[in-house]
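Enquirer: curious how this folds, go ahead:
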Amino acid sequence: MPYDRGGNANAMHGLPVFDKRDRETRSVSKTQYRKFYNPMWNFLGDFHYPPGTYYLSNSRMKTPMWYMLDQVVISKDLLPLFVKEKLEIVTNCTYANLVNTKGRPNKTISDHFPIVCEIQE
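Expert: Okay, here's the model as predicted:
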């Protein structure tokens, strides 16, 4: 999640944008941290369906309802091999429809949608 600790430099340091021209690390408080690209951020919001892999509506003041529990995190070295057009949140398969009537994960199968990506050899 963009507001989760995983985006911190001392955690996974997954960033929503990582250009191949960018440096592989950045300095924070005089310590070098390796940067990673998290393409799953591109699915958050209303331009893609579904806008996350997990849905939870609760009575807390701060809740986005859609969460991105499943992630793909890519190093700069792997970036040229990553096929971004093949990254997807899977909502159906030959076995069953993974979406319920409200457009959320069908919890009789799983509480979240799986993801799939492709890395070239």
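Enquirer: for the closest residue to residue 45 other than its chain neighbours, list the residues it contacts.
Expert: Nearest residue to residue 45 in three dimensions, chain neighbours excluded: residue 51, at 5.7 Å (CB to CB, 6 or more residues apart in numbering). For glycine as for every other residue, the C-beta is placed from the backbone atoms N, C-alpha and C. Taking CB atoms under 8 Å, 6 or more residues apart in numbering, we find residue 51 in contact with 43, 44, 45, 66.
Enquirer: the second one and residue 102, how far apart?
Expert: Going back to what we said before, that points to residue 44. When CB to CB, to the nearest Å is the yardstick, residue 44 and residue 102 sit 19 Å from each other.
Enquirer: so between those two, which is more surrounded?
Expert: Set side by side, residue 44 and residue 102 show more neighbours around residue 44, with 17 against 8, by other CB atoms under 10 Å.
Enquirer: that one contacts residue 53, doesn't it?
Expert: No: between residue 44 and residue 53 there is no contact, the gap being 10.4 Å when judged by CB atoms under 8 Å.
Enquirer: what do these two both touch?
Expert: In terms of CB under 8 Å, 6+ apart, residue 44 and residue 53 are both contacted by the residues residue 68.
Enquirer: in terms of pLDDT, where does residue 84 sit?
Expert: The score at residue 84 is 91. That number is its pLDDT.
Enquirer: would you confirm that it contacts residue 38?
Expert: No: with contact taken as CB under 8 Å, residue 84 and residue 38 are classed as non-touching, separated by 12.0 Å.
Enquirer: which of these two has more neighbours?
Expert: For residue 84 versus residue 38, the count of surrounding residues by other CB under 10 Å is larger for residue 38: 21 against 13.
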